[in-house]
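# Take a look and give me a structure for this.
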Amino acid sequence: KLPTMKMLLSLIALLSATLLISAAPPTCYSRVLSLSKEITESFKELQTSKAVDSCVETLPRLYLDIHNYCVLAKLRDFVAYPRCDRVVEVNELKEKARSLYTILISYCRRDLVFLTDDCNALEIPIPAPIEHS
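Residues are numbered from 1 along each chain as shown. Alright, predicted model coming up:
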């Protein structure tokens, strides 16, 4: 009976540790990474949507890589883009881009390391990771 009790207590301790780890607040890096992926996905959906205004085709491209220093200029250009203000989805995307920019320059300024400054790399879609089966 004692080994069963020890195994049960070990299992409870392991599950508690797992819950604590998953409940930890996001780091600045993880927040920026998830928000940039969310923005990039929203932009892709906006570009492929048939129901959206034709001005969407003229929007600056928004393929984000937070490890590329040019992402700051890319976000500024997108937020400042004067057209498509009447499109709700574009305004929502601009708000997310503004939030990401603010987080990058204010809250995460010292936590991030830019690995490149290749502005042309932000003009093409980021390839989806290949899943191995």
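# switch to C-alpha atoms for all contacts and neighbour counts from now on
Fine.
# the helices in this protein, which residues?
2-22, 28-48, 71-80, 88-102 (DSSP state H).
# mind checking how far the shortest one is from the chain centre?
Per C-alpha atoms, centre = their mean, to the nearest Å, the displacement of helix 71-80 from the mean C-alpha position of its chain is 15 Å.
# and the angle for that helix with helix 28-48?
Put simply, helix 71-80 runs at 50 degrees to helix 28-48, going by axes from the mean of the first three to the mean of the last three C-alpha atoms, to 10 degrees.
# Kindly calculate the angle that helix 71-80 makes with helix 88-102.
Using the same axes, to 10 degrees: helix 71-80 against helix 88-102 is 150 degrees.
# residues contacting Tyr63?
Shown in contact with Tyr63 (C-alpha atoms under 8 Å, 6 or more residues apart in numbering): 40, 122-126.
# Can you give me the neighbour number for Lys74?
20 (other C-alpha atoms under 10 Å).
# pretty sure it is in contact with Leu62, am I right?
Yes: with contact defined as C-alpha atoms under 8 Å, Lys74 reaches Leu62; the gap is 7.2 Å.
# Any chance you could list residues touching both of these two?
Common neighbours of Lys74 and Leu62 (C-alpha under 8 Å, 6+ apart) are Leu122.
# could you point out where this protein is predicted with low confidence?
For the chain, the stretches with pLDDT under 70 are 1-2, 5, 14-26, 126-133.
# do that again at 80, thanks
The chain contains residues with pLDDT under 80 at 1-26, 50-53, 109-113, 124-133.
# Leaving out the residues flanking it, which one is nearest to Glu95?
Spatial nearest neighbour of Glu95, chain neighbours left out: Val79 (7.7 Å); criterion: C-alpha to C-alpha, 6 or more residues apart in numbering.
# Next, work out how far apart the one you found and Lys96 are.
9 Å (C-alpha to C-alpha, to the nearest Å).
# count of residues packed around Asp117?
13.
# Please tell me I have it right and it contacts Asn68.
Yes: counting by C-alpha under 8 Å, Asn68 is a contact partner of Asp117 at 5.2 Å.
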